[in-house]
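J.: Whatever this is, show me its structure:
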Amino acid sequence: MSSDCRHKRYFRVRGADSTLTTFTDVANANTLIGFKSAYNTSSPTKTESLEDSNQTLVVIFEFSSQDEQTAFKAAVDAAWDGGEPWTGTGVEHFKTQWLNSVGEVGATATF
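T.: So this is what the prediction gives:
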């Protein structure tokens, strides 16, 4: 994997009453979010963790090349164009951080 083809995406689930869900573990977060197949495009290596008192799932996606990362982003963008790219209810993707070769944040997008 290339150390300069990585980014972090931040996800949470908000209930009907606007409260944030507290995940029991990473597996629970993945079940509640229900990522669609677009998130497997280019077979990224994924490093997953919980932050913010277990209310945020952070996924680092790492790719072998910039072309693979670009294909992944295009697939996720297309899934958004077709609706939501997950099966869960109340899911929010609220931040993406693009990482440089030493793992520092090079750019951030918040939603």
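
J.: And the helix or strand where Gln97 lies, what's buried?
T.: Assessed by DSSP states H and E, Gln97 sits inside strand 91-99. Residues of strand 91-99 classed as buried under the neighbour-count rule (16 or more other CB atoms under 10 Å) are 91, 93, 95-97, 99. Where you see a C-beta, it was placed from the backbone N, CA and C, and this is true even at glycine.

J.: which residues does the closest residue to Tyr10 other than its chain neighbours bridge with?
T.: Residue nearest to Tyr10 in three dimensions, not counting chain neighbours: Lys95, with 4.1 Å by CB to CB, 6 or more residues apart in numbering. Here Lys95 shows beta-bridge partners Tyr10, Thr110, assigned using DSSP bridges.

J.: In terms of pLDDT, where does Lys95 sit?
T.: At Lys95, the predicted lDDT confidence score is 97.

J.: And the strand holding Gln97, how far out from the chain middle?
T.: 6 Å (CA atoms, centre = their mean, to the nearest Å).

J.: Same check on stretch 61-81?
T.: When distances are taken as CA atoms, centre = their mean, stretch 61-81 is centred 11 Å away from the chain's centroid.

J.: cool, and stretch 48-59?
T.: The offset between the C-alpha centroid of stretch 48-59 and the centroid of the whole chain comes to 11 Å, using CA atoms, centre = their mean.

J.: Which residues does that stretch contact?
T.: Stretch 48-59 has contacts (CB atoms under 8 Å, 6 or more residues apart in numbering) with 8-12, 20-26, 29-30, 33, 46-47, 60.

J.: Would you mind measuring from Thr108 to His7?
T.: Taking CB to CB, to the nearest Å as the measure, Thr108 and His7 are separated by 10 Å.

J.: Lys36 now?
T.: 18 Å.

J.: Those two - which one has more neighbours?
T.: Relative neighbour count places His7 above the other of Lys36 and His7, with 21 against 16, counting by other CB atoms under 10 Å.

J.: Figure out the helix or strand that that one lives in.
T.: Secondary structure assignment for His7, by DSSP H and E: strand 6-13.

J.: got a list of contacts for that strand?
T.: The contact list for strand 6-13 (CB under 8 Å, 6+ apart) reads 20-21, 23, 29, 32-33, 51-52, 55-63, 69, 88-99, 103.
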